[in-house]
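Visitor: below: sequence and its predicted model.
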Amino acid sequence: MVLLFVKVKRGHFQDFSDNSNTYVTIKVHNMKSSTVCRKGTEPCWEQDYMFDIGDLQSGLLVEVWKSSWFRDTIAGSVWIPLQKIKHATDEGPGEWWTLHSDVIPTGNEDGEIGSLTTHEILLDLFFAEAFDYSGDPQDADCNSEPHWPSSENSDNSALPPKYLLGAIKQASRNEEAVFTSSVAKERWNRAIQKFPDPVVNSAFRKAWGKSAAKPPNQN
């Protein structure tokens, strides 16, 4: 299982009015999430989502919808094969994607698409890289155990990496599959706080960056 992070950042929609309400839906496997509605031709969402992915032989379907009191209508969509999404340790500037009038997913290949629209959406997509790896990123095994630092002065340094990673995965199973950024960060914080040892917590903070909190009772 790997963690897919999706950040819906901004949109650029031509032929929309300033009063247009749009929202974005994200679908992968049997999971779905939606952003809030935003007005205008260049709406800004900046919303984070996280999905637990077990099979990379599929894709991510992102749809932009126009909301109305009578019926919502689709403005465009984009199909992104999961195998084309890179691994990273933190979010980046994102990438602009041009929407198509229609997308029919076809496994791990590009979906059957309709004509290009004049609409674009800025997305930041990456699989979480929770371990140090100095080789070629293409050769990295995304299912590998993270490498944790050890300390001769710490009793907890003897804890096997599989035990630590298992605690994180168990915390993941106790929550829903999709999270907003605040919920995701809180989940990692709870997992981190189960291990008061500063060396272990340092490993968590290094692996997960700003999503990780300081260990309890530590300045």
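Guide: Done, it's in. Numbering: from 1, shown residues only.
Visitor: CA atoms for contacts and neighbours, from now on please.
Guide: Noted.
Visitor: this structure: strands as residue ranges?
Guide: 2-12, 21-28, 31-34, 38-39, 44-53, 59-67, 73-81, 87-88, 95-100, 103-106, 109-113, 116-128 (DSSP state E).
Visitor: what bits of the chain have low per-residue confidence?
Guide: For the chain, the stretches with pLDDT under 70 are 103-113, 129-219.
Visitor: domain-wise, how is it divided?
Guide: 2-128, 146-211 (automatic domain parsing).
Visitor: quick one: end-to-end distance for the longest one.
Guide: Right, the one you point to is domain 2-128. 7 Å (CA to CA, to the nearest Å).
Visitor: and Lys66, how many neighbours does it have?
Guide: Other residues within reach of Lys66 by the criterion other CA atoms under 10 Å amount to 19.
Visitor: quick one: contacts for it?
Guide: 20-23, 72-75 (CA atoms under 8 Å, 6 or more residues apart in numbering).
Visitor: ok, the residue nearest to it when sequence neighbours are not counted - contacts?
Guide: Excluding the flanking residues, the one nearest Lys66 by CA to CA, 6 or more residues apart in numbering is Thr22, at 4.5 Å. Neighbouring residues of Thr22 by CA under 8 Å, 6+ apart: 37-39, 43, 64-67.
Visitor: and of the residues you listed, the nearest to His29?
Guide: For these, the residue nearest His29 by CA to CA is Val64; the value is 18.2 Å.
Visitor: state the number of residues packed around Ser34.
Guide: Ser34: 16 neighbours (other CA under 10 Å).
Visitor: can you give me the distance of it to Gln47?
Guide: 10 Å.
Visitor: who wins for most neighbours among the contacts of Thr22?
Guide: Val64 leads the contacts of Thr22 on contacts (other CA under 10 Å) with 24 neighbours.
Visitor: please verify my assumption that Ser115 contacts Ser101.
Guide: Yes - proximity of Ser115 to Ser101 meets the contact threshold set by CA atoms under 8 Å, at 5.5 Å.
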